[in-house]
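Asks: generate coordinates for the sequence data below:
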Amino acid sequence: MGLEERRDEEPDVYQPAEDSHLLAEAACERLEGDERVLEVGTGSGYVAGRIADRTDARVIASDLNPHAVRQARGAGVETVRADLVSPFRDATFDAVVFNPPYLPTDPENEWDDWMEHALSGGEDGRAVIDPFLEHVGRVLAPEGSVYLLVSSLTGVDEVVEEAGERGFSAVAVADESFPFETLTVLELLR
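Replies: Modelled structure (predicted):
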């Protein structure tokens, strides 16, 4: 990343990393191009920006973090401050993309700032994933798909099981192994 790009970074915003790149590539490979796409938890706006640049999709991003909203907007991404999918209308999006906070975190070691919100998935790593799965179906068009990044630290099988309980079938469409975890992008379909 060049010096020019770093000046626009907010210190309280999750910046693109291996998980961001994996999710962006997997989504871009599967999107047809003219979909309405929502990226939940956009952080810097990297994934939404990549999808907008590489497809003809109409991309909207959301994040709870006001610093992330500002950075993503500064990068040219249409961004809304929102908690998961709460402000969006029913059946609006053909695809929803999410790189959630997934790191299991001991409650005794949480530091309660915006970066923790971007990284901490609670004790089991699914504190944000489970509510997302509960509500994402509402904003998804009938033939829509969800691209969800999950870590082996979170328990991919448990996420697939929860998705199944919410009416989704799940298939792994991309993965990458690292020394301490494997990252997997799940495609969820109804």
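
Asks: ok, and the closest non-adjacent residue to the most centrally placed residue in the chain?
Replies: Centre of the chain computed as the mean C-alpha position; nearest residue by Cα atoms, centre = their mean is residue 98, 1.8 Å away. With Cβ to Cβ, 6 or more residues apart in numbering as the criterion, residue 98 has its nearest non-adjacent residue at 4.3 Å, and that residue is residue 40. From N, CA and C alone the C-beta is placed, and that goes for glycine too.

Asks: show me what the one you found is bridged to.
Replies: Residue 40 forms beta bridges with residue 62, residue 98, as assigned by DSSP bridges.

Asks: so it makes contact with residue 95?
Replies: No. Because the distance of 11.1 Å does not satisfy Cβ atoms under 8 Å, residue 40 is recorded as not touching residue 95.

Asks: who's more crowded, these two?
Replies: Using other Cβ atoms under 10 Å, the more surrounded residue of residue 40 and residue 95 is residue 40, with 29 against 24.

Asks: look up how far residue 157 lies from that one.
Replies: Going from residue 40 to residue 157 by Cβ to Cβ, to the nearest Å gives 22 Å.

Asks: how many other residues sit next to residue 12?
Replies: Counted with other Cβ under 10 Å, residue 12 comes out at 16.
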